[in-house]
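Student: Task: produce atomic coordinates for the following.
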Amino acid sequence: SFPGGRRDPADGDAVATALRETREELGVAVAPTSVWGQLRTLPDRHGMTVAPVVANLGPLEALTLNPNPDEVEEVFTLPLAHLLRKENQGYTHFRTASGYGYTLPVFLNGPHKVWGLTAIVTELTLELLVPNHY
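Tutor: Numbering: from 1, shown residues only. Here you go, the predicted model:
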């Protein structure tokens, strides 16, 4: 999943929350000027509202990550080219007690399966960044 968490009273808005959470969880200070924007809000499975924020962190090779072990078990990245390959894209169908429930995107063939809310945010981001390829 992406860095995130509840909004603190000191946070001015969703962007401030995202920047604070990224700093606390990954040890990365993101400048407000690096923020590209906010995606539409989404409900999570607990009924909370999630406000994804997209920012340019620059080249990954230039980043020094210092994950907080109390909040982050592992950090990994997937190249944009990997996410755009059709063989790495799929969907997961969920059932409910009454039958068909819902369908969510999933990204495969990497070190980890990306699914759930993380895959939804990834899909929305790809639709904005590369609309002619995704």
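
Student: so how far is Phe107 from Tyr134?
Tutor: Distance, Tyr134 to Phe107, using Cβ to Cβ, to the nearest Å: 11 Å. The way it works is simple: take the backbone N, C-alpha and C, and place the C-beta from them, glycine included.

Student: Kindly report the same for Glu61.
Tutor: 22 Å.

Student: got it, and Thr118?
Tutor: Counting by Cβ to Cβ - Thr118 and Phe107 are separated by 9 Å.

Student: Which one's more surrounded, these two?
Tutor: Phe107 (21 against 18; other Cβ atoms under 10 Å).

Student: Give me the phi and psi for the residue lying closest to that one once chain neighbours are set aside.
Tutor: Counting by Cβ to Cβ, 6 or more residues apart in numbering, Phe107 lies nearest to Val114, which is 4.1 Å off, once chain neighbours are set aside. Backbone torsions for Val114, taken as degrees, to the nearest 10, come to phi -100, psi 120.

Student: now Val114: how far from Tyr91?
Tutor: Taking Cβ to Cβ, one finds Val114 at 12 Å from Tyr91.
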